[in-house]
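Peer 1: quick one: sequence plus predicted model below, questions after.
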Protein chains: 2
Amino acid sequence: MKYIEKLRNSGLRPTKQRLQICELLFDTEKTFHFTINELNQKIKDKIDNKISLATIYNTVHAFEKKGYLKQIPVNSNQTYFDTNITDHHHFYNLKDGKLIDLEKSDVGPINIKKKIDGKKIKSIEVLVKLED
Amino acid sequence: MKYIEKLRNSGLRPTKQRLQICELLFDTEKTFHFTINELNQKIKDKIDNKISLATIYNTVHAFEKKGYLKQIPVNSNQTYFDTNITDHHHFYNLKDGKLIDLEKSDVGPINIKKKIDGKKIKSIEVLVKLED
DNA sequence: CAGCTTTTTAGAACCATTATAAACTAGTCT
DNA sequence: AGACTAGTTTATAATGGTTCTAAAAAGCTG
Ligand SMILES: [Mn+2]
Ligand SMILES: [Mn+2]
Ligand SMILES: [Zn+2]
Ligand SMILES: [Zn+2]
């Protein structure tokens, strides 16, 4: 299994649940955006055994901490995650709450001219809201 | 009272509660960012009578709908609002969860090269996360 | 004031997320 | 293998921000 190494290298034990979640999240043609609720549905659909909701939360947060997932800042009652961990931006379709990737090259360089003493920039994220 | 007109013109009755909230939000030297919880505290501190939490939510959402407040997309369990309704961006200090304004001139023009059929851009928001 | 609509309010409900603590599992060491 | 330990999963409860409810209060118009 290709994820056993990955998990071990991160100090995470390669449990059955984590490996199954890895497959759902990372064994895909394209990267994608999801909420915990959507991931929970997908797990119910595609996996025989049950994975408890608590484990899904734990796993997603563990993966986020290790940098295998990113959280996307949007105004929603649910948290959005992204399996695309490259530096990129998003369209946010207000109609259906779906995110669409905007590659860095689709936006051009962003030059933050203001500086805050003693702080450094961790990330720059652009959210482009779309309406009809 | 200067807010009576403003509210009436928006189709909102100028109630005591709304006028008091207007003063707290808009009678300030500088604009500011707040969560409902912080606004609730400020109301308890600066206003004699009580305003119920439901009214605070109702009022903030009514003001947002009328365009007197903006919601800022951040990853937080609470919703952040902004009394600065001009087009601008934000630093987000991860340490204390505080927002700092970034004027458009502090960021420079953002050119979104990608187009989505049948959709138009409603807003472009940049969030710059800060760490130590 | 009367009549009608909007607003306020306390409290309940909702629901995403986090905490708890007991059962289970993976890895390590004989 | 068995025993030991730390890490993980799980059902379930708790938390907490936000929304809903429905009755009382307030604003508006005539
Ligand atoms: Mn989270
Ligand atoms: Mn809200
Ligand atoms: Zn993305
Ligand atoms: Zn602002």
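Peer 2: Perfect, I can see it now. Note that the structure is predicted; figures quoted are calculated from it, not measured. Ligands and ions are numbered 1, 2, ... in the order given.

Peer 1: can you pull out the residues in contact with the helix ranked longest in chain A?
Peer 2: Using DSSP state H, we find that the single longest helix of chain A is helix A:53-66. For helix A:53-66, the surrounding residues in contact (C-beta atoms under 8 Å, 6 or more residues apart in numbering or on different chains) are A:10, A:12, A:17-18, A:21, A:25, A:36, A:39-40, A:43, A:69-71, A:81. For the C-beta atoms, the positions are set from N, CA and C on the backbone; glycine is no exception.

Peer 1: can we see that at 10 Å?
Peer 2: Under the criterion C-beta atoms under 10 Å, 6 or more residues apart in numbering or on different chains, residues A:6-7, A:9-12, A:15, A:17-18, A:20-22, A:25-26, A:34-37, A:39-40, A:43, A:51-52, A:68-71, A:79, A:81-83, A:85 lie in contact with helix A:53-66.

Peer 1: got the phi/psi numbers for the residue of chain A positioned farthest from its centre?
Peer 2: Computed with C-alpha atoms, centre = their mean, the maximum C-alpha offset from the centroid of chain A is found at A:D117, amounting to 30.2 Å. Main-chain torsions, A:D117, degrees, to the nearest 10: phi -50, psi 130.

Peer 1: now do the contacts for it.
Peer 2: The contact partners of A:D117, by C-beta under 10 Å, 6+ apart, come to none.

Peer 1: next: A:F34.
Peer 2: A:24-25, A:40-42, A:60, A:69, A:78-83, A:99.

Peer 1: closest one of these to chain B?
Peer 2: A:T79 (6.9 Å; C-beta to the nearest C-beta).

Peer 1: I'd say the closest one and A:K70 touch.
Peer 2: No - shown here, A:T79 and A:K70 do not form a contact pair, counting by C-beta atoms under 10 Å, at 11.1 Å.

Peer 1: sorry, back to before: from the contacts of A:F34, keep the buried residues only.
Peer 2: Buried residues within the contacts of A:F34, defined by neighbour count using 16 or more other C-beta atoms under 10 Å in any protein chain shown: A:L24, A:L25, A:N40, A:V60, A:L69, A:T79, A:Y80, A:F81, A:D82, A:T83, A:L99.

Peer 1: now render these as a markdown table, adding secondary structure, distance to ligand 4 and pLDDT.
Peer 2: Formatted as a markdown table, the entries for the buried ones among the contacts of A:F34 read as follows, by DSSP: H, G, I helix; E, B strand; the rest coil; distance: C-beta to the ion, whole Å; pLDDT from 0 to 100:
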| residue | secondary structure | distance to ligand 4 | pLDDT |
| --- | --- | --- | --- |
| A:L24 | helix | 38 | 97 |
| A:L25 | helix | 34 | 97 |
| A:N40 | helix | 34 | 97 |
| A:V60 | helix | 30 | 98 |
| A:L69 | coil | 28 | 97 |
| A:T79 | coil | 22 | 96 |
| A:Y80 | strand | 22 | 97 |
| A:F81 | strand | 26 | 98 |
| A:D82 | strand | 25 | 98 |
| A:T83 | coil | 30 | 98 |
| A:L99 | strand | 23 | 96 |
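
Peer 1: near DNA strand C, from these?
Peer 2: Of the entries in these, the ones placed beside DNA strand C under the rule of C-beta under 7 Å from any atom of the strand are A:T79.
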